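*Asks:* Next come a sequence and a model predicted from it.
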Amino acid sequence: MTAQAIELAATRGVPAVVGGHGARLLTAADVHNANLVIALARDHRREIVELAPSGLRNTFTAREFARLSAGVSDDEIREAAQESASGARNDSRDRLRAVLALVARQRGLALPPAAPEDDDVVDPYRRSWTTYVKSAEQLDPALTAVERVLRLALG
């Protein structure tokens, strides 16, 4: 992470461990084994799905996920998670899979963004502090939406 990203994360209460963050190449196996893949831009999402087409239903941009999940109530999320639990088996992967399918079904039902790039988070790398702040301001509510869905799915 850049120094600017670390500073913004720290002001949001993210532990200092973020300084140990490092990039690595995403593999098809990573996507296949993931419950949820969050990209920051539509181009990244497209590349992920091209790499591993099986990831189509569980790969979203952060802002797309927020937009789609906004149309799903807390009760609908809980119900989808509960319906996936069969008998004594209450597998968190099954619960999450069912809830993510619910969110993915909103594609085509939810209104599209006003402009396609509204599903992207601006990439601040090697840009101004103002761009870093704008990126964080776009990302914060999107990650709050992701957290809401995950907490309800797994709670």
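*Replies:* Now that the structure is in, tell me what you want to look at. Numbering: from 1, shown residues only.

*Asks:* so the spatially most central residue of the chain, which of the three states?
*Replies:* Residue closest to the average C-alpha location in the chain (CA atoms, centre = their mean): residue 38, at 3.6 Å. When classified by DSSP: H, G, I helix; E, B strand; the rest coil, residue 38 comes out as strand.

*Asks:* And the strands in this protein?
*Replies:* 37-39, 59-61 (DSSP state E).

*Asks:* and among the ones you listed, the most buried is which?
*Replies:* strand 59-61 (a mean of 24; mean count of other CB atoms under 10 Å). Glycine gets a C-beta too; all of them are placed from N, C-alpha and C.

*Asks:* How far off centre is it?
*Replies:* The chain centroid and the centroid of strand 59-61 are separated by 6 Å under CA atoms, centre = their mean, to the nearest Å.

*Asks:* Check which helices and strands that strand is in contact with.
*Replies:* Helices and strands touching strand 59-61, by 3 or more CB pairs under 8 Å, 6 or more residues apart in numbering; DSSP states H and E, are strand 37-39, helix 42-51.

*Asks:* Would you point to the one among the ones you listed that's packed deepest?
*Replies:* Of all these, strand 37-39 carries the top mean neighbour count, a mean of 20, counting by mean count of other CB under 10 Å.

*Asks:* How far away from the center of its chain is that strand?
*Replies:* On CA atoms, centre = their mean, the centre of strand 37-39 falls 5 Å from that of its chain.

*Asks:* returning to that earlier point: dump the strands of the chain to JSON lines, plus mean pLDDT and distance to residue 31.
*Replies:* JSON lines is the format used below for the strands of the chain (pLDDT from 0 to 100; distance: least, CB to CB, whole Å):
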{"stretch": "strand 37-39", "mean pLDDT": "97", "distance to residue 31": "6"}
{"stretch": "strand 59-61", "mean pLDDT": "98", "distance to residue 31": "7"}
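
*Asks:* Sketch out the low-pLDDT regions of the chain for me.
*Replies:* For the chain, the stretches with pLDDT under 70 are 17-20, 85-90.

*Asks:* can you give me the helices for it?
*Replies:* For the chain, the helices defined by DSSP state H occupy 3-11, 28-33, 42-51, 62-69, 74-84, 92-104, 129-154.
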